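[1] Predicted model, plus sequence, below.
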Amino acid sequence: MTLWTRRQLLALGLAGAGSAAAGATGLWLTADDSNTASIDGVSADDLVQPQELRSHDGVLAISLTAATARARIGTRQAVVHTYNGTLPGPTLRVRSGDTVKVAMTNSLDTPTNMHVHGLHVSPEANGDNPFVSIEPGQSFSYEFVLPDDHPPGTYWYHPHRHGHVADQLASGLYGAIIVEDEVPIPATRERTLVVSDISLDDSGRPAAASHPERMMGREGDTVMVNGQVRPRVVASPGERERWRIVNACPSRFLRLSLDGQDVRLLGRDVGRLTRPLDISEVVLAPGNRVELLVDTREGNSTLVAAPVDRGAMPGMMRAPRQRDTGSDHSLELLSLEVGGAPVAELGPVPAGPAGRDLRVEPVATRRTVEFAMGMGGIGRTRDGMRGNGSMMSFTIDGKVFDPDRTDISVRAGTVEEWTLVNNSPMDHPMHLHVWPLQVLDGPDDEPPTWQDVVNIPAFGQVAVRVAFDDVVGRTVYHCHVLDHEDLGMMGTIQSRSAPDA
Ligand code: C2O
Ligand code: CU
Ligand code: CU
């Protein structure tokens, strides 16, 4: 596999790989080798693709029901939450310009709603509105339109009802959304890989998270790909696979590598890179996606998630097992077996569009957005938060989430620059709905870096630019460690098409 040059690392904000700067993009790449602990005796089921629901004649009209269902997870029988009975939910396949209609029914015993993460669509009314609450037994009809110039890519949907988000994701509610390419990418086949984690209690139900787990951001003890534990895929040498990978874990960061194969990064979060980049490793914060091209070579390979140190809670002992907030060893996610007769190799991948670059556009407003954790007396005791019934507060600009308060007002048609500051000892992957973020971390002559989740490393900061263009309305930004979001680390933003009076 090709190693990264310093220039490429700089382009991705990785000067001094492994330092705090490495976390700045939320999704980063390094050339380090990882030590892998192998897991024996796991199942070798063939990977199953989620059911695909495709738009026809510009419309995707579907029903989704969030309900309890039985599932086999590894060797266990489990009772989880699903969309339409499957883990993950169906993959929605659409094109730019499409109208999407989702009749969502809540058959859970807690309120829910649906968010289409990364889509540039209206957040108003029955669009991608995070303030909707669908009560148990109720239904809601979503409808929104993708702009004609919507970037292709891999997006996803998940519940967003404040206070229940982490619990519902950790129970199985997530699915992929694919916005198809205008110009097809030559590939032998495509696979959607939805990575999630879950902890089951003795009855096979999703385990409740403890106070410390919620404050750290829970990590399930079983990591799955498409609801399967370490599934297998097979290919012939010389094929080109396109993997669309979603990090649907509520809190877990994934440092992914695939030994023995030629892997290129085709896109991350939003749209496509101008040209695919050779990589040996890629890190996904919760909510991030990547599209990989795997040019297959004979042999057996394993998709591995290596540990990521995302900081620790203040007041907790930084013993080795706690330092990386739970992910203390590498996990084997999927095996790739490449054998048989080689096939003819495919042609080159066409260049992606150059894309908008906000570095050359005027900035109307500059802001600082500060992520912090309130001490509240907790953390001064030797045993951290144990023995104290109150939760530490998770704030943005000193405030916990209030849906009735508007925290940031912006004018449509302007570009803003935000400096995201993290004054806490844990990483916070920042996500803004509707409008993608251009990360300002590379040399000016490198292509722009666009993402919709950007990690702010512990005690670090990162600058982003946002173009508040055509789509207006009120929505949210938050930490995508979803326990932190549920604990209040979320703000509201309103974009208006006319100047404020
Ligand atoms: Cu992936 Cu506000 O969410
Ligand atoms: Cu989102
Ligand atoms: Cu956070």
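    Received, thanks. Ligands and ions are numbered 1, 2, ... in the order given.

[2] Which stretches in the chain count as helices?
    Along the chain, the stretches classed as helices by DSSP state H are 6-11, 165-171, 211-216, 320-323, 482-486.

[3] tell me the contacts of Leu64?
    Tyr83, Asn84, Gly89, Pro90, Val102, Ala103, Met104, Thr105, Met114 (CB atoms under 8 Å, 6 or more residues apart in numbering). Where you see a C-beta, it was placed from the backbone N, CA and C, and this is true even at glycine.

[4] With respect to ligand 2, which of the residues you listed is nearest?
    When these are compared for distance to ligand 2, the smallest value, 10.9 Å, is given by Met114; criterion: CB to the ion.

[5] Next one: that closest one relative to His160, how far apart?
    Here the criterion is CB to CB, to the nearest Å. By it, Met114 lies 7 Å from His160.

[6] who has more neighbours, the two?
    A count of neighbours by other CB atoms under 10 Å puts His160 above the other of Met114 and His160, at 28 against 25.

[7] Confirm for me that that one is in contact with Pro123.
    No. Counting by CB atoms under 8 Å, no contact exists between His160 and Pro123, whose distance comes to 10.7 Å.

[8] Overlap in contacts, the two.
    Residues touching both His160 and Pro123 by CB under 8 Å, 6+ apart: Pro130.

[9] So which bits of this protein are right by ligand 2?
    For the chain, the residues in contact with ligand 2 (CB under 5 Å from the ion) are His117, His433.

[10] Where does pLDDT dip in the chain?
    When residues are selected by pLDDT under 70, those of the chain lie in 1-44, 314-328, 375-391, 499-501.

[11] pretty sure Glu361 contacts Val466?
    No. Assessed by CB under 8 Å, Glu361 is found out of contact with Val466, at 11.0 Å.

[12] Which of the two has more residues huddled nearby?
    Set Glu361 next to Val466 and count neighbours by other CB under 10 Å: Val466 wins out with 23 against 13.

[13] what bridges to the more buried one?
    Per DSSP bridges, the residues bridged to Val466 are Glu416.

[14] which ones are touching it?
    Under the criterion of CB under 8 Å, 6+ apart, the contact partners of Val466 comprise Leu358, Val415, Glu416, Trp418, Leu432, Trp435, Pro436, Leu437, Gln438.

[15] ok, and the closest non-adjacent residue to Val48?
    Across the structure, with CB to CB, 6 or more residues apart in numbering as the measure, the residue nearest Val48 apart from its sequence neighbours is Asn226 (5.9 Å).

[16] what's the answer for Met114, then?
    Excluding its sequence neighbours, the residue lying closest to Met114 (CB to CB, 6+ apart) is Met104, at 5.2 Å.

[17] what residues are up against that neighbour?
    Counting by CB under 8 Å, 6+ apart, Met104 touches Ser63, Leu64, Thr65, Ala66, Thr112, Asn113, Met114, Ile134, Ser139, Phe140, Ser141, Tyr142.

[18] Also Ala187?
    By CB under 8 Å, 6+ apart, the neighbours of Ala187 are Arg240, Glu241, Arg242, Leu293, Leu346.

[19] For Thr110, give its distance to ligand 1.
    Thr110 sits at a distance of 18 Å from ligand 1 (criterion: CB to the nearest ligand atom, to the nearest Å).

[20] what about that residue, distance to ligand 3?
    For Thr110, the distance to ligand 3 (CB to the ion, to the nearest Å) stands at 22 Å.
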